[in-house]
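Q: Got a predicted model here, sequence first, then my questions.
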Amino acid sequence: MQFDTKIALVIRTDLEAWQKLNVAAFLTSGIAAAFPECIGEPYQDGDGTPYHALIGQPILIYGADRAALSRALERALARNVTPAVYTEDMFKTTHDAANREAVRAVARADLNLVGLAVRADRKVVDKILDGLKFHA
């Protein structure tokens, strides 16, 4: 199935495995919160056991270094695409309000990004992520 939109995460490649997974989970929740229409229907197994709904389209995950993450952020903003972001400082916090404060305390050019997520028209996402490769 071809979707008009594309969801993509960009995760910094030098993180520990647990950090990458944590960042991916948080960024995906940002997409789900911003775009509730991307959520599919709830699941049910053959015995009738109910399960939560998931995002109903593929999520592509790219790898990048800090400079490439900053470039992707600037490209997204230049195209009026609001991304979800995760910064290294957020690893030191313990709750949502502290996460927001950690981001608010730093100018955009100085954000120590470890991940970002976007959902937009397929071609726009391709331009934002031009040159990036899938995460290994």
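A: That came through fine.
Q: secondary structure element for residue 97?
A: Element membership for residue 97, per DSSP states H and E: helix 96-104.
Q: Just the C-alpha atoms of the helix or strand that that helix is followed by, please, in PDB.
A: For helix 96-104, the succeeding helix or strand toward the C-terminus, using DSSP H and E, is strand 113-121. These are the backbone C-alpha positions of strand 113-121, laid out as PDB (Å, rounded to 0.1, in the frame of the first residue of the first chain):
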ATOM      1  CA  LEU A 113      20.000  16.300  19.200                       C
ATOM      2  CA  VAL A 114      20.000  12.600  19.500                       C
ATOM      3  CA  GLY A 115      16.800  12.100  17.400                       C
ATOM      4  CA  LEU A 116      14.000  13.600  15.500                       C
ATOM      5  CA  ALA A 117      10.800  12.400  13.900                       C
ATOM      6  CA  VAL A 118       8.700  13.900  11.000                       C
ATOM      7  CA  ARG A 119       5.500  13.000   9.300                       C
ATOM      8  CA  ALA A 120       4.700  14.900   6.100                       C
ATOM      9  CA  ASP A 121       4.100  14.400   2.400                       C
END
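Q: all strands in the protein, in order from the N-terminus.
A: In chain order, the chain shows strands spanning 5-12, 43-44, 50-51, 59-64, 84-87, 113-121, 133-134, with DSSP state E as the criterion.
Q: For the fourth one, enumerate the helices and strands it packs against.
A: Right, the one you point to is strand 59-64. strand 5-12, helix 17-34, strand 133-134 (3 or more CB pairs under 8 Å, 6 or more residues apart in numbering; DSSP states H and E). To be clear about C-beta, it is placed using only N, CA and C from the backbone, and glycine gets the same treatment.
Q: how about the ones you listed in a markdown table, adding mean neighbour count, mean pLDDT and distance to residue 120?
A: Supplementary listing: those in a markdown table, determined by neighbours: other CB atoms under 10 Å; pLDDT from 0 to 100; distance: least, CB to CB, whole Å:
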| stretch | mean neighbour count | mean pLDDT | distance to residue 120 |
| --- | --- | --- | --- |
| strand 5-12 | 23 | 98 | 6 |
| helix 17-34 | 16 | 97 | 11 |
| strand 133-134 | 10 | 98 | 18 |
